[in-house]
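# need a structure here:
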Amino acid sequence: MEARTAAGLSDVRLSIIIPAYNAEATLRSALSSVSKLDEHGVDYEVVVVDDRSTDSTVEVAEHLSSGRPSWRVVRLPKNTGSPSGPRNGGVDAARGEFVYFHDADDELLAAGVAAALDVAVRKGSDLVRGPLLVRDDMGETYVGNRLADAVEDGDRERLIERIFAEQSTTPPAIIRRQLLVNHQIRWDPDVRMGEDTLFLAEVALRADSIHYSDAPLYVYDRRLRDARSSTQAYDDAALRNHLHVWTSVQGLLAERGIDYLAGRGRIGVREALVALYTRRSGSIARDTFVRLKDFLRRYDGVLGADTFKPRIQEIYRTARDGAYEAFCDVITPRLLVAGYDLKFIMGALPRLGDDFVTMVDEWEGHDRHDAKRSERLLAWADIVFCDWLLGNATWYARQVRPEQVLVVRGHRFELERNFGFDPVLDRVDRFYSVSVKTLEDFLQVFPIPRSRARLLPNWVDVDSYAVADDPERVYRLAIVGAVPERKGMLRALQVLADLRTSDERFHLHVYGKAAHEVDWIWKDDSEREYFERCDRFVEQHELTAAITYHGWADMRSELATMGWVLSTSEDESFHLAPAEGFAAGGQGLVLDWPGAEYVYPPRFVFPSVDEMVSYVEKNLNADTYAEGAAEGREFVVENYDLERFAERLTVDLNALLTRRSTR
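Okay, here's the model as predicted:
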């Protein structure tokens with residue numbers, strides 16, 4: 001490759017323009033990949049254009065640029081809010097004969113860029129496009145955007161047609177800088193979605209010479225893109241942007257006899273409709289809907305909507321037919337919650353209703369349900385959430401359609417059942433469990449792929465809990481759920497007895513059924529003997545007057561005056577009660593069941609009854625107690641609050657739904 005361009009034209013052959021905003025986590029890797037151009041003898045410069053980052057992006061860029069005279073950092077005077085502003089700033093600052101736009105979270109493939117630049121130099125190209133290397137969900141790679149058949153060298157019109165029919169319009173390409181300058185081609189800062197398509201169309205139509213190089217230019221990390229797209233909201237402004245881009249590019253290319261929407265453009269329309277019901281933020285204005293309706297009617301014959309997935313066809317037809325209210329309904333994803341004993345999810349449905357239309361298929365038992373009703377609900381649903389890995393999970397796995405998402409959340413109970421061994425569970429998109437320990441147990445016991453497993457803890461609607469200013473609460477203990485034996489009622493009684501040796505004001509409040517109220521407990525010899533021992537302990541330590549049995553009650557009000565919510569179990573998957581105690585302004589105390597350290601802070605987890613008793617006695621002072629209660633409540637808010645639960649679940653479900661809808 002030649003060392004540099006003709007004298008007076010440019011200082012360097014190639015300018016790598018990198019727009020950056022709050023990219024401190026990825027910029028180092030991106031620049032490291034760019035630096036490999038040194039190995040290929042490329043005469044290049046790097047222009048990092050910072051869009052007024054609020055993190056250490058500039059410091060990272062300047063540090064990595066030190067000692068490299070051809071690497072520069074340019075800061076824009078104010079934040080532009082999109083990559084277009086920094087890209088335009090990069091063109092203004094560039095000195096290269098050619099420019100290449102590289103994102104701050106991408107990996108450049110130096111060999112491919114060097115090869116494309118060589119084509120541009122040897123053939124006098126204004127634009128050289130190339131493929132990309134896709135890294136998929138499993139970490140495997142393959143070449144995408146490849147023009148597989150013979151490329152007509154120098155056939156400009158045919159190449160434009162093939163680029164817009166067969167390639168995604170990602171920015172990476174070798175572009176002659178003077179072409180941009182002479183024709184005043186700029187990235188449109190008012191377009192935040194689809195701006196790369198509009199820019200490429202203007203470049204291609206102005207270019208006198210276009211070529212293709214078959215070496216991949218950069219790595220398209222689908223895992224990163226899927227994660228980003230699942231959290232990137234799609235709103236009214238994004239839809240308006242896309243409508244503008246689709247119409248503009250269709251018009252521009254039509255001048256050359258190219259039907260953009262009949263080719264790659266229809267994929268963009270499909271993906272926007274997917275985004276409308278998987279990542280929508282806010283409502284779609286009526287006037288924007290009218291523009292969408294008019295667009296779909298105008299181009300209905302070329303968009304090929306009959307090849308879209310059924311759910312996307314439904315959205316398409318509703319918009320094309322002009323039914324605005326029905327359209328607003330149909331773009332909301334449909335979530336079906338299914339299973340027996342749905343106490344751990346039902347209370348979250350009103351909040352999940354902000355993002356989904358929800359329905360419930362409540363089963364009569366672990367493997368008993370109204371099959372006809374389940375079939376009707378499944379026909380309606382986009383996503384099925386099975387709480388408990390029981391018969392509900394295996395039934396839905398057998399019935400679910402390819403375009404539907406199926407997720408299952410497991411607790412501790414299912415580890416003692418065989419449903420998790422059913423091969424049909426290969427059709428489950430995501431397995432959740434409520435704690436680290438339980439999740440690992442599921443992965444060890446059942447043939448669940450780790451790549452599909454995620455942590456989804458239980459939730460607490462913190463703001464719904466009453467908090468009372470009662471100084472006497474420090475003498476009140478509570479246990480929520482005292483049966484069966486593994487709940488550790490005897491250990492809770494020991495805590496009470498030990499505390500009362502120093503202060504008889506301590507009192508234990510028991511919520512839930514007593515042992516004699518549960519038939520199977522009293523019929524089980526081992527269980528009955530255990531609770532008879534509990535009764536004898538109460539008599540021997542004269543605790544009868546110090547214990548109050550409440551039955552089941554609303555913990556959101558009951559715990560307001562409880563000082564210490566005890567978890568004295570032998571084992572738990574999560575145990576919500578201590579978190580509820582913190583939400584109510586008290587403290588949750590946990591006797592160290594396996595995995596407890598992954599659920600609650602170490603301060604509140606104790607190796608023995610003696611350690612738990614000692615902690616209570618040392619924290620009776622109002623200030624000390626309040627400090628611990630505040631620390632615990634903050635932890636619960638940050639990790640288990642209903643809002644965080646809903647956000648975590650919504651993001652993951654939308655990502656899965658997007659994947660199902662587009663592949």
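
# now for the longest helix along the chain, which elements pack on it?
Determined from DSSP state H, the single longest helix within the chain is helix 642-662. Applying 3 or more Cβ pairs under 8 Å, 6 or more residues apart in numbering; DSSP states H and E, we find helix 642-662 packed against helix 222-231, helix 265-278, helix 349-352, strand 383-387, strand 405-410. Bear in mind the C-beta positions are built from the backbone N, C-alpha and C, glycine included.

# following the helix-or-strand element of the chain with minimal mean pLDDT in sequence, what is the next regular element?
In the chain, no helix or strand scores lower on mean pLDDT, DSSP states H and E than helix 222-231, which sits at a mean of 52. Per DSSP states H and E, the first helix or strand lying C-terminal to helix 222-231 is helix 236-254.

# restrict stretch 249-266 to CA atoms and write it as PDB.
Provided in PDB are the C-alpha atoms of stretch 249-266 (Å, rounded to 0.1, in the frame of the first residue of the first chain):
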ATOM      1  CA  VAL A 249     -34.400   7.000   0.900                       C
ATOM      2  CA  GLN A 250     -37.200   5.500  -1.200                       C
ATOM      3  CA  GLY A 251     -37.500   8.700  -3.100                       C
ATOM      4  CA  LEU A 252     -33.700   9.200  -3.500                       C
ATOM      5  CA  LEU A 253     -33.100   5.700  -4.800                       C
ATOM      6  CA  ALA A 254     -36.200   5.700  -7.000                       C
ATOM      7  CA  GLU A 255     -34.300   8.300  -9.100                       C
ATOM      8  CA  ARG A 256     -31.900   5.500 -10.100                       C
ATOM      9  CA  GLY A 257     -34.700   2.900 -10.500                       C
ATOM     10  CA  ILE A 258     -34.000   1.200  -7.200                       C
ATOM     11  CA  ASP A 259     -37.000   0.200  -5.000                       C
ATOM     12  CA  TYR A 260     -35.500   0.400  -1.500                       C
ATOM     13  CA  LEU A 261     -38.600  -0.700   0.400                       C
ATOM     14  CA  ALA A 262     -39.000  -3.800  -1.800                       C
ATOM     15  CA  GLY A 263     -35.500  -4.900  -0.600                       C
ATOM     16  CA  ARG A 264     -33.800  -4.200   2.600                       C
ATOM     17  CA  GLY A 265     -36.100  -1.300   3.600                       C
ATOM     18  CA  ARG A 266     -39.000  -3.700   4.300                       C
END
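
# pLDDT below threshold where in the stretch 551-663 of the chain?
663 (pLDDT under 70).

# where along it do the helices fall?
Ranges of helices in the stretch 551-663 of the chain, per DSSP state H, counting those that start in this stretch, are 555-558, 577-583, 609-618, 622-640, 642-662.

# how about the strands in the stretch 251-400 of the chain?
Using DSSP state E, counting those that start in this stretch, the strands of the stretch 251-400 of the chain run over 334-339, 357-362, 383-387.

# next, the angle from the second one to strand 334-339.
So the one you mean is strand 357-362. Comparing the axes of strand 357-362 and strand 334-339 via axes from the mean of the first three to the mean of the last three Cα atoms, to 10 degrees yields an angle of 20 degrees.

# kindly export strand 357-362 (C-alpha atoms) in CSV.
The C-alpha coordinates for strand 357-362 follow below in CSV (Å, rounded to 0.1, in the frame of the first residue of the first chain):
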residue,chain,number,x,y,z
VAL,A,357,-51.5,-6.4,29.0
THR,A,358,-51.7,-9.2,31.6
MET,A,359,-53.9,-12.2,32.1
VAL,A,360,-53.7,-15.1,34.6
ASP,A,361,-54.1,-18.9,34.1
GLU,A,362,-54.3,-20.1,37.7
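
# on that earlier part again, buried deepest among the helices of the stretch 551-663 of the chain, which one?
Highest mean neighbour count of the helices of the stretch 551-663 of the chain: helix 577-583, a mean of 27 (counted as mean count of other Cβ atoms under 10 Å).

# run through who's touching that helix.
For helix 577-583, contacts defined as Cβ atoms under 8 Å, 6 or more residues apart in numbering pick out 458, 460-462, 465, 478-481, 555-556, 559, 562, 564-567, 587-590, 600, 604, 629, 632-633, 635-636, 640.

# show me how far stretch 272-282 is from its chain's centre.
14 Å (Cα atoms, centre = their mean, to the nearest Å).

# which parts of it are buried?
Buried residues in stretch 272-282, counting neighbours by 16 or more other Cβ atoms under 10 Å, are found at Ala272, Leu273, Val274, Ala275, Leu276, Tyr277, Thr278, Arg279, Arg280.

# helices or strands up against the one helix or strand His63 maps to?
In this assignment (DSSP H and E), His63 forms part of helix 57-65. Contact analysis of helix 57-65 by 3+ Cβ pairs under 8 Å, 6+ apart lists helix 27-35, strand 44-50, strand 71-75 as its packing neighbours.

# please save the CA atoms from the helix or strand that comes right after the last one in PDB.
Beyond strand 71-75 in the direction of the C-terminus, DSSP H and E gives the next helix or strand as helix 84-93. Extracted in PDB, the C-alpha atoms of helix 84-93 (Å, rounded to 0.1, in the frame of the first residue of the first chain):
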ATOM      1  CA  SER A  84     -24.500  12.600  14.200                       C
ATOM      2  CA  GLY A  85     -23.000  15.800  15.800                       C
ATOM      3  CA  PRO A  86     -19.700  14.100  16.700                       C
ATOM      4  CA  ARG A  87     -19.500  12.500  13.300                       C
ATOM      5  CA  ASN A  88     -19.900  15.800  11.600                       C
ATOM      6  CA  GLY A  89     -17.300  17.300  13.900                       C
ATOM      7  CA  GLY A  90     -15.000  14.500  13.000                       C
ATOM      8  CA  VAL A  91     -15.300  15.200   9.300                       C
ATOM      9  CA  ASP A  92     -14.600  18.900  10.000                       C
ATOM     10  CA  ALA A  93     -11.500  18.000  12.000                       C
END
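
# kindly export stretch 547-557 (C-alpha atoms) in PDB.
Provided in PDB are the C-alpha atoms of stretch 547-557 (Å, rounded to 0.1, in the frame of the first residue of the first chain):
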ATOM      1  CA  ILE A 547     -46.300 -15.300  72.300                       C
ATOM      2  CA  THR A 548     -49.200 -14.100  70.200                       C
ATOM      3  CA  TYR A 549     -50.500 -16.100  67.200                       C
ATOM      4  CA  HIS A 550     -52.100 -13.800  64.600                       C
ATOM      5  CA  GLY A 551     -52.900 -16.200  61.800                       C
ATOM      6  CA  TRP A 552     -52.400 -14.800  58.300                       C
ATOM      7  CA  ALA A 553     -52.600 -11.000  58.100                       C
ATOM      8  CA  ASP A 554     -51.500  -8.200  55.800                       C
ATOM      9  CA  MET A 555     -47.800  -7.800  56.500                       C
ATOM     10  CA  ARG A 556     -47.800  -4.300  55.000                       C
ATOM     11  CA  SER A 557     -49.500  -3.000  58.100                       C
END
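
# for Tyr260, see how far away the residue of the chain positioned farthest from its centre is.
Relative to the centre of the chain, the most outlying C-alpha is that of Gln540, 54.7 Å out, by Cα atoms, centre = their mean. According to Cβ to Cβ, to the nearest Å, Gln540 stands 85 Å off from Tyr260.

# with Gly551 instead?
Taking Cβ to Cβ, one finds Gly551 at 68 Å from Tyr260.

# could you do Asp105 as well?
Counting by Cβ to Cβ - Asp105 and Tyr260 are separated by 28 Å.

# tell me which of these two has more neighbours.
Higher neighbour count among Asp105 and Tyr260: Tyr260, with 26 against 16, using other Cβ atoms under 10 Å.

# surely the more buried one is in contact with Gln250?
Yes. With contact defined as Cβ atoms under 8 Å, Tyr260 reaches Gln250; the gap is 4.9 Å.
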